[in-house]
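S.K.: Below: sequence and its predicted model.
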Amino acid sequence: MKRIILLIVLVIIAGIAGIVARSSSRETVAELRGLVSHRNTGDVREDIREKYELSPGARVEIIGLNGAVKIETSDSKTAEVHIERTASSQEALDRRKVTIEADSNSLRIRGEKGNSGFFSRFFGHSGAERVTLKLPRQISLRAKGVNGSFVASDIDGPVEVTGVNGRVQIASAVGTAAFKGINGNMVVGLKKLDPDGVTLSGINGNIELQFGADVNADFDARGMNGRVISDMPNVSIDKTKRGKYSARIGNGGTGITAKGINGNIRFSRSAAVPAETAAAVRMN
């Protein structure tokens, strides 16, 4: 009797396992079909438009975006966010998501993986984002992990930009500035510096630093695969050994450090033009 009961239990378990396996197989097949067929569908778009009121000095963070970022600033207290998301299909669009968190003291825009199956996660094509922001000028700006160009007009506050795969252009920053892991040319205006100064590290591209009239700084570079050049008359540059430079801008003072730069660094005077119309980096 016990053997019969055990046999019945085993048969029921095997039946349930077969149903689960067939269901899982159908989901996997459907997922694979989606990966193959999505290329034949038209573009899918999603527009996100939001407005927020920010206090002076609010922190703005832009993290993990797959596309270009453009920032325009003004004396307004209103932040306008426009995110255009595109993909080859709705399924591809759903593989990524963009979240926005905001209050009066901060604005955070973050791109991340959405809900998708195993094969879609590893082999599927994801969507892209094009971000346009109109922000108050008085902010603290941080960007990390942007797969595209990053262009901003005047920022009356500190700037931190890391992990950008594209050109970086900042019309002007006030206070401190840090740039790390940039794969592209850079043009950065330095209007006024705090004692913490400017740090440049791990940059694969030419760099142009545009100094305000009242900026005085000491510059130190190590591990450079390139030259240090100046268009300014009040700058002295010394090369002590291969890959190592030092310079004094004006009367010296605030520190600017550069490490692991694969490109040239040029010093120039700030030009009173918006970042989006500034000339490309000029290097010999």
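M.R.: That came in fine, so what should we check first?

S.K.: So D43 is in contact with Q90, correct?
M.R.: No. If you go by CB atoms under 8 Å, D43 and Q90 don't touch, sitting 10.6 Å apart. Quick note: C-beta positions are derived from backbone N, CA and C, even for glycine.

S.K.: By average pLDDT, which secondary structure element in the chain comes out worst?
M.R.: Counting by mean pLDDT, DSSP states H and E, the weakest-scoring helix or strand in the chain turns out to be helix 118-123, with a mean of 45.

S.K.: R222 touches S246, doesn't it?
M.R.: No. Between R222 and S246 there is no contact under CB under 8 Å: 9.7 Å.

S.K.: Would you mind giving the secondary structure of S55?
M.R.: Under DSSP: H, G, I helix; E, B strand; the rest coil, the three-state class of S55 is coil.

S.K.: In contact with the nearest residue to it once chain neighbours are set aside, which residues?
M.R.: Closest residue to S55 apart from its sequence neighbours, by CB to CB, 6 or more residues apart in numbering: S104 at 4.8 Å. The contact partners of S104, by CB atoms under 8 Å, 6 or more residues apart in numbering, come to 53-55, 58.

S.K.: In JSON lines: these, plus distance to G184.
M.R.: Formatted as JSON lines, these follow (distance: CB to CB, whole Å):
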{"residue": "E53", "distance to G184": "33"}
{"residue": "L54", "distance to G184": "28"}
{"residue": "S55", "distance to G184": "32"}
{"residue": "A58", "distance to G184": "27"}
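
S.K.: List only those of these flagged as buried.
M.R.: 54, 58 (16 or more other CB atoms under 10 Å).

S.K.: I'd like the contacts of S104 as a markdown table, with pLDDT appended.
M.R.: Listed next are those as a markdown table, based on pLDDT from 0 to 100:
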| residue | pLDDT |
| --- | --- |
| E53 | 97 |
| L54 | 98 |
| S55 | 97 |
| A58 | 97 |
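
S.K.: And the contacts of S104, which is closest to S172?
M.R.: Nearest to S172 among the contacts of S104 is A58, at 18.0 Å by CB to CB.

S.K.: Run through the helices of the protein in chain order.
M.R.: 2-37, 90-94, 118-123 (DSSP state H).

S.K.: got the buried residues for the shortest one?
M.R.: By that I understand helix 90-94. 91-94.

S.K.: of all these, which comes closest to I109?
M.R.: For the buried residues of helix 90-94, the nearest to I109 is L93 (17.1 Å; CB to CB).

S.K.: Tell me how far the closest one lies from D196.
M.R.: Computed as CB to CB, to the nearest Å, the L93 to D196 distance reads 41 Å.

S.K.: now for this protein, which residue lies nearest the mean position of the chain?
M.R.: V146 (2.6 Å; CA atoms, centre = their mean).

S.K.: contacting residues for that residue?
M.R.: Taking CB under 8 Å, 6+ apart, one finds 62, 64-65, 67, 69, 163-166 in contact with V146.

S.K.: which stretches of the chain have low pLDDT?
M.R.: Along the chain, segments meeting pLDDT under 70 span 1-42, 114-125, 271-284.

S.K.: Thought R108 was touching E61, still the case?
M.R.: Yes. Taking CB under 8 Å as the definition, E61 is a contact partner of R108 at 4.6 Å.
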